[in-house]
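# Coordinates for the following, if possible.
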Amino acid sequence: MTGRDHGCEPCRHAGPCGAGTASIDPGTGGGNVDPGTGEGFDAPVPRQAYANAPGLRREMHEVLALGAERDGRQARSVTAPPRDALTAERLLLLRRAALMDRMALDAPGTDAVGAAIRTAEELVVYDRRHPDLVAGPHRPDSVEFDLGRRPYVRQEYAAWSAAGFPAG
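Prediction:
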């Protein structure tokens, strides 16, 4: 099934399935899981996950700087601690996915929702290949995230934040 014909409650967003659908629990007949907001998941809701996040402009600047460092377009500060390449790549993927998620939350009827879904999936794919880098209680393949990957991003961002925003 694709699009809005996905066996769930009607989509409340203009985007495709996964942008804001709710699963119907066969036992209760009620829908209580929303991958768009994170409500009903055993993962932090956006306001909890991003409580200590920098403003969107600053986050965007820092994500762009991480990408430039990775690509060799920007030198890393001499005083900064060295980064492990795998951890640095994951940090870029995590922060980019969180940035896109936050932007999608601010403007759910835009292309930002699709970008949030795509970048969340990139983080999930990376974490499947490097499970030792996962910080939250649920692994990327957990059934908890079958309906959407954005709550997984929130779980991982909250865990990174709780650890004091380590540079990687």
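# what's the neighbour count on Pro166?
Number of residues near Pro166 (other CB atoms under 10 Å) recorded here: 10. (Glycine included, C-beta is placed from N, CA and C.)
# and what of Gly109?
11.
# Ok, Asp42 next?
So Asp42, with other CB under 10 Å, has 13 neighbours.
# Flag the shaky bits of the protein, pLDDT-wise.
The chain contains residues with pLDDT under 70 at 1-38, 40-41, 74-83, 146-147, 168.
# so what secondary structure elements neighbour the lengthiest helix in it?
Scanning the chain for the helix with the most residues, using DSSP state H, yields helix 85-106. With contacts taken as 3 or more CB pairs under 8 Å, 6 or more residues apart in numbering; DSSP states H and E, helix 85-106 sits against helix 46-49, helix 56-71, helix 112-129, helix 150-162.
# Would you check that Pro44 makes contact with Glu156?
No: counting by CB atoms under 8 Å, Pro44 stays clear of Glu156, with 9.9 Å between them.
# neighbour-wise, which of these two wins?
Applying other CB under 10 Å to Pro44 and Glu156 shows that Glu156 carries more neighbours, namely 28 against 21.
# got a markdown table for the helices and strands packed on helix 85-106, with distance to Arg90 too?
Formatted as a markdown table, the helices and strands packed on helix 85-106 follow (distance: least, CB to CB, whole Å):
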| stretch | distance to Arg90 |
| --- | --- |
| helix 46-49 | 17 |
| helix 56-71 | 11 |
| helix 112-129 | 6 |
| helix 150-162 | 9 |
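# hey, what's in contact with both of Pro44 and Glu156?
Common contacts of Pro44 and Glu156 (CB atoms under 8 Å, 6 or more residues apart in numbering): none found.
# What number of residues are in the vicinity of the residue nearest to Arg95 when sequence neighbours are not counted?
The shortest distance from Arg95 to any non-neighbouring residue, by CB to CB, 6 or more residues apart in numbering, is to Val63 (5.0 Å). Applying other CB under 10 Å, we find 20 residues neighbouring Val63.
# And the one 4 residues further on, by the same measure?
The burial metric for Gly67, expressed as a neighbour count using other CB under 10 Å, is 14.
# my guess is it contacts Leu92, does it?
Yes: between Gly67 and Leu92 there is a contact under CB under 8 Å: 6.1 Å.
# what's the distance between Leu86 and His130?
Distance of Leu86 to His130, given as CB to CB, to the nearest Å: 6 Å.
# Likewise for Asn52?
Per CB to CB, Asn52 is found 25 Å from His130.
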